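In: Have a look; sequence and predicted model below, questions after that.
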Amino acid sequence: MALMTAAEAAVEILKKEGITNVFGLPGAAINPFYKAMQTRGGLHHTLARHVEGASHMAEGWTRAQAGNIGVCIGTSGPAGTDMITGLYSASADSIPILCITGQAPVAKLHKEDFQAVDIASIAKPLTKMAVTVLEPAQVPGTFQQAFHLMRSGRPGPVLIDLPIDVQMTQIEFDIDTYEPLPVYKPAATRKQIDKALDMLVEAERPLLVAGGGIINADAADLLQEFAELTGVPVVPTLMGWGTIPDDHPLNAGMVGLQTSHRYGNETMLAADFVLGIGNRWANRHTGDLETYTQGRTFVHVDIEPTQIGRVFAPDYGIVSDAKAALELFVEAARERSEAGSLPDRLEWAESAQERKRHLWRKTNFSDTPIKPQRVYQEMNRAFDRDVRYVSTIGLSQIQAAQLLHVYGSRHWINAGQAGPLGWTVPAALGVATALPGENVVAISGDYDFQFMIEELAVGAQFNIGYIHVLVNNAYLGLIRQAQRAFDMDYHVQLSFENVNSEGDHPGGYGVDHVKVAEGLGCKAIRVTDPDELAPALEKAQALRDEFRVPVIVEVILERVTNVSMGVSIANVTEFEELANGGEDAPTALFANLD
């Protein structure tokens, strides 16, 4: 067997497990690992500006393509604590990423050595495994177990903490005979699938709820096939958006309190049976449970046993990987279809499409300052079906989900449960690194954008081109809207008179994002007139392709817009006037049919 440092063994295992790219920042306690990467080669490293940014880049890398696992690397102490938000975001959305941290020498761990924090204990609640490796010979087995855990069952993140002396110790290791451990995923039985299908067949107005677990399992094609075999309309969750194209005749729209469609909520309220696959029944989707569940029968399929019954007790639960379940659902439905024993759902499916034809929100505003709805209208026009959207939280994300269109799996990439501000820039860089040459478009409000704005320099340094649509109202818009319930507007304004304002930078809008972006090596365009949106988005694509850097399109919005939301899917407040026809919403999916 070959003699190598434990750090070199870890690098070789990363490559054997299929890792090609890593994101991180070197530091004293992780330098032996960086030396191993330099010596052994084969890993492309992207140097982040902040370790939290590196963790979100790793998330973006994982979320971009089936089978990807993002890796982020940092030194001891604050590097590990900086990664915690990335671990939370990944854990919440069932995203496998591997965080590797340096650590003080083993003998110093109990002596409050410089930057010697017990990061494994801190990270444990947010990971499938968090461990400080105390014996060099355990490094290969620890990495092997990490990949096994990340891929098995409900996917999720792992943290491996490596003391500096452990990294540097030489061990005997044979990479040529190393093999990844078999992956375990629970699978439904045919008997379970037949029972669930019996319940669906007995219903009059059934719906399928398609969650993010379908995307994680790379099973969107099976979901669509099952829907077409049975004729049952599909409601994608926010994390499952793209499992069925928005313009598919069985796409019934999204349901929920915020990131939802009017027609989606109305169809859910009309349903009498719901089959949820790979979803969590998240509270932003369900709203108040009495309204959501009353009069409906539920079947829940999820890879994690403890998810069944966590939010409410379904009438029937199946523990299964989404792909394994859908393979059997398709098999069973095909048999019944050939036997002529599936009911005709045409009238029910058409009723869902009829709602989709008329229940739109208005987008065609010509106001100045620009109303945000117009931004998403022009984005629908500017970007083709292959666009990959990246977003995280805020009124910008909520309205994007209400008004944009998504046509494929992994074409909407969102930190759904955690919603960390600052996530969008580094995550978009991770997505664009994983998908070079594809049309990656990020969407942020000004506060999310400012949180980790320094990571734009990473895109400039490493020629990671993507487009970032920045809607700027100089407000914490979502928090301001929430504060209405408390009759206050308190510490949510980002507006100030910038002493350096000049040119087209409007007074009172504070930070000059164009100057900052250009100072970080990117290209930027500011838009103040709604008629300038379309040419700006076209120019942004040309600049991205020419310079291969992030291109920011900053849109100066009206200061206050209240976005549609509520506490119940039966009672979503519409603050703006609604569309009366195609002229009011020209990019709505059915706007040109009437």
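Out: Thanks, I have the structure now. Numbering: from 1, shown residues only.

In: how close does residue 267 get to residue 87?
Out: 36 Å (Cβ to Cβ, to the nearest Å). Using the backbone N, CA and C atoms, a C-beta is placed for each residue, glycine as well.

In: whoops, residue 502 was the one
Out: 42 Å.

In: Give me the more crowded residue out of these two.
Out: Between residue 502 and residue 87, counting by other Cβ atoms under 10 Å, residue 87 is the more crowded of the two (28 against 8).

In: and the closest residue to residue 561 other than its chain neighbours, what is it in contact with?
Out: Nearest in space to residue 561, with sequence neighbours left out and distances taken as Cβ to Cβ, 6 or more residues apart in numbering, is residue 372 at 5.6 Å. Neighbour list for residue 372: 395-396, 399, 471, 473, 555, 557-558, 561, 563 [criterion: Cβ atoms under 8 Å, 6 or more residues apart in numbering].

In: Pull out the buried members of the residues you listed.
Out: Neighbour counting with 16 or more other Cβ atoms under 10 Å marks 395-396, 399, 471, 473, 555, 557, 561, 563 as buried within the contacts of residue 372.

In: Tell me the predicted confidence for residue 428.
Out: According to the prediction, residue 428 has pLDDT 98.

In: cool, and residue 393?
Out: We have a pLDDT of 90 for residue 393.

In: and the closest residue to it other than its chain neighbours, how many neighbours does it have?
Out: Once flanking residues are discounted, residue 393 sits nearest to residue 419: 3.6 Å by Cβ to Cβ, 6+ apart. Residue 419: 18 surrounding residues under other Cβ under 10 Å.

In: And for the one 3 residues further on?
Out: Using other Cβ under 10 Å, residue 422 is surrounded by 24 other residues.

In: I'd assumed residue 445 was in contact with it.
Out: No: the pair residue 422 / residue 445 is not scored as a contact, 11.3 Å apart, by Cβ atoms under 8 Å.

In: Between those two, which contacts overlap?
Out: By Cβ under 8 Å, 6+ apart, no residue touches both residue 422 and residue 445.

In: need the buried ones among the contacts of residue 372 in CSV with distance to residue 49 and secondary structure, can you?
Out: Formatted as CSV, the buried ones among the contacts of residue 372 follow (distance: Cβ to Cβ, whole Å; DSSP: H, G, I helix; E, B strand; the rest coil):
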residue, distance to residue 49, secondary structure
395, 27, helix
396, 23, helix
399, 29, helix
471, 24, strand
473, 26, coil
555, 25, strand
557, 27, strand
561, 32, coil
563, 31, coil
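
In: Among those, find me the one that's closest to residue 237.
Out: residue 399 (17.5 Å; Cβ to Cβ).

In: Distance of residue 279 relative to residue 363?
Out: For residue 279, the distance to residue 363 - Cβ to Cβ - is 28 Å.

In: ok, back up a step: need the pLDDT of the residue nearest to residue 561.
Out: pLDDT, read off for residue 372, is 96.

In: Break down the stretch 351-500 of the chain into its strands, ranges please.
Out: Using DSSP state E, counting those that start in this stretch, the strands assigned to the stretch 351-500 of the chain run over residues 388-391, 412-414, 440-445, 467-472.

In: before we move on, what about the stretch 1-150 of the chain?
Out: 2-5, 21-24, 44-47, 70-74, 97-103, 129-132.

In: Show me what the fifth one is packed up against.
Out: Helices and strands touching strand 97-103, as assessed by 3 or more Cβ pairs under 8 Å, 6 or more residues apart in numbering; DSSP states H and E, comprise helix 31-40, helix 51-64, strand 70-74, helix 78-92, helix 119-123, helix 139-151, strand 158-163, helix 164-168.

In: Who are the packing partners of the last one?
Out: For helix 164-168, the packing partners by 3+ Cβ pairs under 8 Å, 6+ apart come out as helix 6-16, helix 31-40, strand 97-103.

In: can you rerun that using 6 Å?
Out: Packed against helix 164-168 by the contact rule (3 or more Cβ pairs under 6 Å, 6 or more residues apart in numbering; DSSP states H and E) you find helix 6-16, helix 31-40.

In: Next, the buried residues of the following helix or strand past that helix.
Out: For helix 164-168, the succeeding helix or strand toward the C-terminus, using DSSP states H and E, is strand 170-173. Buried residues in strand 170-173, defined by neighbour count with 16+ other Cβ under 10 Å: 171, 173.

In: chain center to the helix or strand following strand 170-173: distance?
Out: Once strand 170-173 ends, the next helix or strand along the chain (criterion: DSSP H and E) is helix 190-202. Its chain's C-alpha centre and that of helix 190-202 lie 31 Å apart, by Cα atoms, centre = their mean, to the nearest Å.

In: Show residues contacting helix 190-202.
Out: 206, 275, 299, 318, 328-329, 332 (Cβ atoms under 6 Å, 6 or more residues apart in numbering).

In: Same question for stretch 285-297.
Out: 237, 256-257, 272-274, 312, 315, 568-570.

In: State the pair within these that is farthest apart.
Out: 257 and 315 (23.7 Å).

In: neighbour count winner among the two?
Out: Legend: neighbour count by other Cβ under 10 Å for residue 257 and residue 315, higher for residue 257 (21 against 14).

In: The more buried one reaches residue 283, doesn't it?
Out: No: checked against Cβ atoms under 6 Å, the pair residue 257 and residue 283 is beyond contact range at 8.0 Å.

In: so how far is the worst-scoring helix or strand of the chain on mean pLDDT off the chain centroid?
Out: Scoring the helices and strands of the chain by mean pLDDT, DSSP states H and E places helix 477-483 at the bottom, with a mean of 85. The gap between where helix 477-483 is centred and where its chain is centred comes out at 22 Å by Cα atoms, centre = their mean.

In: tell me the secondary structure for residue 588?
Out: coil (DSSP: H, G, I helix; E, B strand; the rest coil).

In: burial measure for it, as a count.
Out: For residue 588, the neighbour count with other Cβ under 10 Å is 26.

In: which non-adjacent residue is nearest it?
Out: residue 360 (4.4 Å).

In: From residue 311, how far out is that neighbour?
Out: Taking Cβ to Cβ, one finds residue 360 at 30 Å from residue 311.

In: Comparing the two, which shows the higher neighbour count?
Out: Neighbour totals were compared for residue 360 and residue 311, and residue 360 leads with 23 against 18 (other Cβ under 10 Å).
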